[in-house]
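S.K.: Turn this into a model:
(one chain, ligands or ions: 1)
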Amino acid sequence: MKRWGIVGGGLLGLTMAHRLAQAGQQVTVLEAAPELGGLASAWQVGDVTWDRFYHVVMLSDRYLRRLLSELELDAGIDWKVTRAGFFTGKGLYQLNNAIDYLRFPALNLIDKFRLGLTILYMARIEDGRRLEAVPLEDWLTRLSGRRVFENIWRPLLAAKLGDNYKKASASFIWSYARRFYAARQGGMKTEMFGYVPGGYARILECFAALLAREGVVIQTGRPVQRIVPERDGFTVTSGETAFAFDRVVVTAASPLAAKICEGLTEDERRRLQGVTYNGVICASLVLTRPLGGYYLTYITDRDIPFTAVIEMSSLVDAQQQFGGKTLIYLPRYVTGEDVFWGYDDVEIERRFLEGLRRMYPDVKADEILAVRIARARQVYAVSTLNYSDNLPPMLTSVPGLTIVNSAHIVNASLAVNETMALAEQTVERLLAREAGAAPANTEPDPAPLVTAT
Ligand SMILES: Cc1cc2nc3c(=O)[nH]c(=O)nc-3n(C[C@H](O)[C@H](O)[C@H](O)COP(=O)(O)OP(=O)(O)OC[C@H]3O[C@@H](n4cnc5c(N)ncnc54)[C@H](O)[C@@H]3O)c2cc1C
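M.R.: Here you go, the predicted model:
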């Protein structure tokens, strides 16, 4: 049995802790924030407690649902067919089936045909690795035409990547589309989205209780500043406190990991610092009444300061979960250089509410009960050109030190399911090494993880 220190109490760190503890290891999780969950943590907006950033579960989320079963929460998932909308600047249109598509005014018939062919073509690609060498915008423009790119693809990409779509490779859209195809069920051909009543607050509470029963030690409010390899294990320091571990796993974003880990090679540092991250600035709003009833509304109008509208109450039972109120999210996915990082909450709120009123002129000031702004600088790594070739190694050159995070989710989009798949695959590899004759982490890092739904 080894003493494992896991830096980061997000779902990656917690899932790894769970699987390591099940394998009989002694595990401590150190989380910088006062609460567990990282991007999936919950907070309060007005009198509504829900996820800081919106989350859905998909029917096809195999890894996530297995964990939810272990927590005895899977059977309670509330599943729904949701609707999607498109705001073009001239109006709000629904886009859910063939009839909506034929009526959609932003594309002519030829454009619609080209877009349809592009999607069919994408669905037939089995391995997206070769697309890593192809610039995303060029690929989509070649396949669908400039007008379709501007009216459909750009808003879809901006809703997830902000301006970073200009740096991304074609593998991004392929992997994203794959998660959505996987969600389409048999004859229904309709996406089913779900949520656990109580949201991630409840999931995390049950997860923490399970980990405690398994003997995992969890310390929150413990930002790790230094990880120093010793002759025999590691010293990990957080403030005045030092911890001794035999093995350390860092789940923080790559540039943060580079800052706290000592003993890495120059090449490892360069790779860790070279990952391009997409961030998000996201407003949560509690309203007295529903908006348009679309779970997700894409936005083609470039003057709107957020990149999508997520109406959570179109999925979640508002009466039971939100006391009859409406919860919406306005995310702005951004590059690290975006001007909005320089604005305070008041300014962001002002600009976002102005944008919301342009989309929904009938929303009155007294119908908005509460607003809260969340920020996350490192949400996920942008799949830039030849991404896999430049990935930082997970099993580092420092024996016993592993650095793993969402940057290692390759050719698949970021979601809790993929995060958990990554956790399980990594633990499997680490335990295999422990079981083998070779000391940990002295073999070269095998190919990066390709997680599939
Ligand atoms: C806007 C948004 C929408 C999303 N929607 C969905 C969705 O609908 N469905 C879905 O499945 N997924 C969704 N996701 C993705 C999901 O949230 C992630 O897949 C998952 O939370 C990633 O977990 P993680 O542990 O890898 O990272 P994180 O949650 O970022 O965890 C890393 C943790 O490390 C901690 N840390 C960093 N540095 C240190 C340090 N020095 N010392 C100690 N601790 C440290 C951080 O505080 C953090 O808690 C969404 C994410 C966002 C942002």
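S.K.: interface residues of the stretch 51-200 of the chain facing the ligand?
M.R.: Residues of the stretch 51-200 of the chain lying close to the ligand (Cβ under 6 Å from any ligand atom) are Phe53, Tyr54, His55, Val56. (Glycine included, C-beta is placed from N, CA and C.)
S.K.: The first one is in contact with Ala283, isn't it?
M.R.: No. No contact is recorded between Phe53 and Ala283 when judged using Cβ atoms under 8 Å, the distance being 10.9 Å.
S.K.: so what sits against both of those two?
M.R.: Listed as contacting both Phe53 and Ala283 by Cβ atoms under 8 Å, 6 or more residues apart in numbering are Tyr329, Pro331, Ala374.
S.K.: ok, and of those residues, which contact the ligand?
M.R.: Restricting the shared contacts of Phe53 and Ala283 to contacts with the ligand (Cβ under 6 Å from any ligand atom) yields Pro331.
S.K.: What is the nearest of the shared contacts of Phe53 and Ala283 to Ile368?
M.R.: Using Cβ to Cβ, Tyr329 is the member of the shared contacts of Phe53 and Ala283 that sits closest to Ile368, with 13.7 Å.
S.K.: okay, now that closest one: neighbour count?
M.R.: For Tyr329, the tally of surrounding residues (other Cβ atoms under 10 Å) stands at 23.
S.K.: does any bit of stretch 32-43 sit next to the ligand?
M.R.: Yes. Contact of stretch 32-43 with the ligand (Cβ under 6 Å from any ligand atom) involves Ala32, Ala33, Gly38, Leu39, Ala40.
S.K.: so what's the third one up against?
M.R.: What it means is Gly38. The contact partners of Gly38, taken as Cβ under 8 Å, 6+ apart, are Gly8, Gly9, Gly10, Leu11, Glu31.
S.K.: next one: Arg247
M.R.: Lys2, Arg3, Trp4, Gly5, Gly233, Phe234, Gly400, Leu401, Thr402, Leu430, Ala440.
S.K.: what's the closest of those to the ligand?
M.R.: Each of the contacts of Arg247 was checked against the ligand using Cβ to the nearest ligand atom; the closest is Gly5, at 10.2 Å.
S.K.: That closest one belongs to a strand, doesn't it?
M.R.: Yes. Looking at Gly5 with DSSP: H, G, I helix; E, B strand; the rest coil, it is inside a strand.
S.K.: any idea what sits nearest it, other than its immediate chain neighbours?
M.R.: Spatial nearest neighbour of Gly5, chain neighbours left out: Phe245 (3.7 Å); criterion: Cβ to Cβ, 6 or more residues apart in numbering.
S.K.: per-residue confidence for the one you found?
M.R.: Looking at Phe245, its pLDDT stands at 98.
S.K.: Also Thr451?
M.R.: 48.
S.K.: Show me the domain layout of this protein.
M.R.: When the chain is parsed with automatic domain parsing, its domains come out as 3-39+200-275+385-435, 41-81+192-197+277-381, 109-182.
S.K.: Columns distance to Tyr101 on top of these, output as JSON lines?
M.R.: Listed next are those as JSON lines, based on distance: least, Cβ to Cβ, whole Å:
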{"stretch": "domain 3-39+200-275+385-435", "distance to Tyr101": "23"}
{"stretch": "domain 41-81+192-197+277-381", "distance to Tyr101": "14"}
{"stretch": "domain 109-182", "distance to Tyr101": "7"}
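S.K.: on that earlier part again, quick one: which of the contacts of Arg247 is nearest Asn151?
M.R.: Comparing these against Asn151 with Cβ to Cβ places Thr402 closest, at 44.2 Å.
S.K.: in a strand, that's where that closest one is, yeah?
M.R.: Yes. According to three-state DSSP, Thr402 belongs to a strand.
S.K.: from what I can see it touches Val248, true?
M.R.: Yes. If you go by Cβ under 8 Å, Thr402 and Val248 touch, sitting 7.2 Å apart.
S.K.: helix or strand right after the helix or strand bottoming out on mean pLDDT in the chain?
M.R.: Least confident helix or strand of the chain, by mean pLDDT, DSSP states H and E, is helix 171-182 with a mean of 74. Following helix 171-182 in sequence order, the next helix or strand is strand 192-195 (DSSP states H and E).
S.K.: from the chain's centre, how far out does the next helix or strand after that following strand sit?
M.R.: Scanning forward in sequence from strand 192-195 by DSSP H and E, the next helix or strand is helix 199-213. Computed by Cα atoms, centre = their mean, to the nearest Å, the chain-centroid distance of helix 199-213 equals 19 Å.
S.K.: what's the answer for stretch 278-287, then?
M.R.: Distance of stretch 278-287 from the chain centroid (Cα atoms, centre = their mean) equals 14 Å.
S.K.: could you measure Gly46 against Val57, distance?
M.R.: 25 Å (Cβ to Cβ, to the nearest Å).
S.K.: Neighbour count: the two, which is higher?
M.R.: Set side by side, Gly46 and Val57 show more neighbours around Val57, with 23 against 18, by other Cβ under 10 Å.
S.K.: contacting residues for the closest residue to that one other than its chain neighbours?
M.R.: Computed as Cβ to Cβ, 6+ apart, the closest residue to Val57 that is not its neighbour in sequence is Gly194, at 4.5 Å. By Cβ under 8 Å, 6+ apart, Gly194 lies in contact with Val56, Val57, Met58, Leu59, Ile77, Asp78, Trp79, Lys80, Leu315.
S.K.: hmm, 6 Å instead?
M.R.: Gly194 makes contact with Val57, Ile77, Asp78, Trp79 under the criterion Cβ atoms under 6 Å, 6 or more residues apart in numbering.
S.K.: Farthest pair within those residues?
M.R.: Val57 and Asp78 (9.5 Å).
S.K.: Show me where the stretch 1-150 of the chain has its helices.
M.R.: For the stretch 1-150 of the chain, the helices defined by DSSP state H, counting those that start in this stretch cover 11-22, 62-70, 98-103, 109-123, 136-144, 146-148.
S.K.: Poorly predicted segments of the stretch 351-453 of the chain, please.
M.R.: The model of the stretch 351-453 of the chain has pLDDT under 70 over residues 437-453.
S.K.: Kindly report the same for the chain.
M.R.: In the prediction, the chain carries residues with pLDDT under 70 at positions 178-191, 437-453.
S.K.: Determine the longest helix present in it.
M.R.: Criterion DSSP state H: the longest helix present in the chain is helix 416-435.
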